[in-house]
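Undergrad: generate a structure from the sequence data that follows.
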Amino acid sequence: MKNLKYIVSTFLLFLILGGCFSTFKANASTIKENQSTYNRGVASGNIDKSKLSLEQWLVQSQNFHNLYQQGLRLGMYKFSYEKWLEYNNYGQGPLLSPKASEQTAKGTGSFYIKTTAQNVKPGDVLITNSTSSAGILGHAAICDREGYILDMPGSGGGSTSDNNRESKVADWFNDYAKSGYYIKVYHAQDHSSAILGERVAKYAHDNFWGVSSDNEKKVHIPYRISPFLYDTSSMYCSKLVYDAFWFTSNSNHLIKQSGIYETPYELPCDILYPLTVTSYNF
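TA: I've put the predicted structure just below:
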């Protein structure tokens, strides 16, 4: 009887130690993968390790992984989490192109937002990190005519079957100006670039809102994240902006040719004319 108890105890101890060893191996593998992913983010220039440690990035990435899984469940893509992070700049927002310059504006309140609205011009691209949707980090929009912003807000902005929306600039800022987040406005840096930006704005307005004497909505676009970047029958936020640039010239003269997706954080580095960036931190 004692021998039987000894055998059973030994067997149970073996199972426990074996399980602990397997868990240890799994944890070690996860740590190594996380470190490798973080290092790739640093190497790509998206993560500044002097400002964001591995530990801090891992806390952020818990939310990133949830968004990736949501998009996966909805069938928006089939690629890996690592590829998804690459598309979304490892969650760190837009990079500046070598030609771009940046300035920071700070302020709060309705007067500040109304003043800000006066500075946004047709062709300006707006990016914020104050919202995300299933499968995509951040939000992008374009100023399609004086005083108005055109975007695809997704499920947070009403019907996804008819999702393209035009808002007054001040109203758009009010929607996305949230404490602890930013709105970045990308302006053309010189006069010739501003003319190109105005052409993009007109294309966006005419084709993704509709031409009419009263500026009423004539085009109705469903919201969908799909791997068909150049198909305008459905849109998501950054795809609308990208396609406005691409189809204005029907080539890559205004924006780089991309792959199957274009995320909000990729847009600024893909636009080919020089930009000035104004960051509004709330």
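
Undergrad: and residue 53, how many residues sit next to it?
TA: Residues lying near residue 53 (other CB atoms under 10 Å) number 12. All C-beta spots, glycine's among them, are computed from the backbone N, C-alpha and C.

Undergrad: also residue 30?
TA: For residue 30, using other CB under 10 Å, the count is 10.

Undergrad: quick one: pLDDT of it?
TA: Residue 30 is assigned 71 on the pLDDT scale.

Undergrad: residues in contact with it?
TA: Taking CB atoms under 8 Å, 6 or more residues apart in numbering, we find residue 30 in contact with no residue.

Undergrad: where does pLDDT dip in the stretch 51-200 of the chain?
TA: Where the stretch 51-200 of the chain drops to pLDDT under 70, the residues are 98-100, 106-117.

Undergrad: which residue ranges of it form helices?
TA: 54-73, 81-87, 109-117, 169-176, 191-205 (DSSP state H, counting those that start in this stretch).

Undergrad: now these as JSON lines including distance to residue 232 and mean neighbour count?
TA: JSON lines is the format used below for the helices of the stretch 51-200 of the chain (distance: least, CB to CB, whole Å; neighbours: other CB atoms under 10 Å):
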{"stretch": "helix 54-73", "distance to residue 232": "21", "mean neighbour count": "14"}
{"stretch": "helix 81-87", "distance to residue 232": "20", "mean neighbour count": "18"}
{"stretch": "helix 109-117", "distance to residue 232": "28", "mean neighbour count": "14"}
{"stretch": "helix 169-176", "distance to residue 232": "22", "mean neighbour count": "20"}
{"stretch": "helix 191-205", "distance to residue 232": "11", "mean neighbour count": "19"}
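
Undergrad: between the ones you listed, which one is nearest to residue 269?
TA: Closest of the helices of the stretch 51-200 of the chain to residue 269 is helix 81-87, at 12.6 Å (criterion: CB to CB).

Undergrad: helices and strands around that closest one, which ones?
TA: helix 2-43, helix 54-73 (3 or more CB pairs under 8 Å, 6 or more residues apart in numbering; DSSP states H and E).

Undergrad: what comes into contact with the last one?
TA: When you say that, I think you mean helix 54-73. Helix 54-73 has contacts (CB under 8 Å, 6+ apart) with 34-35, 38, 41, 47, 77-78, 81, 84-85, 88, 90-91, 132-137, 225.

Undergrad: buried ones among those residues?
TA: Listed as buried from those are 38, 41, 47, 77, 84-85, 88, 90-91, 132-137, 225; burial here means 16 or more other CB atoms under 10 Å.

Undergrad: identify the residues contacting residue 126.
TA: 120, 140-143, 149, 172, 183-186.

Undergrad: no, scratch that, I was asking about residue 278
TA: Contacts of residue 278 (CB under 8 Å, 6+ apart): 102-105, 119, 184-185, 187.

Undergrad: apply 7 Å and report the result again.
TA: 103, 105, 185, 187 (CB atoms under 7 Å, 6 or more residues apart in numbering).

Undergrad: secondary structure class for the closest residue to the last one other than its chain neighbours?
TA: On the basis of CB to CB, 6 or more residues apart in numbering, the spatially nearest residue to residue 187 that is not a chain neighbour turns out to be residue 276, at 4.9 Å. Here residue 276 is recorded as strand under DSSP: H, G, I helix; E, B strand; the rest coil.

Undergrad: sorry, back to before: relative to residue 211, which of the buried ones among the contacts of helix 54-73 is nearest.
TA: So of the buried ones among the contacts of helix 54-73, ranked by how close each gets to residue 211 (CB to CB), first place is residue 225, at 27.3 Å.

Undergrad: let me know the pLDDT of the closest one.
TA: Value listed for residue 225 in the pLDDT field: 88.

Undergrad: tell me the SS of it?
TA: coil.

Undergrad: now do the phi/psi pair for it.
TA: Dihedral pair for residue 225: phi -90, psi 110, per degrees, to the nearest 10.

Undergrad: quick check: it touching residue 137?
TA: No - using CB atoms under 7 Å, residue 225 is not in contact with residue 137, being 12.0 Å away.

Undergrad: list the contacts of residue 155.
TA: Per CB under 7 Å, 6+ apart, neighbours of residue 155: residue 133.

Undergrad: can we see that at 10 Å?
TA: 133-134, 163, 223 (CB atoms under 10 Å, 6 or more residues apart in numbering).

Undergrad: measure it to residue 139 for me?
TA: According to CB to CB, to the nearest Å, residue 155 and residue 139 sit 12 Å apart.
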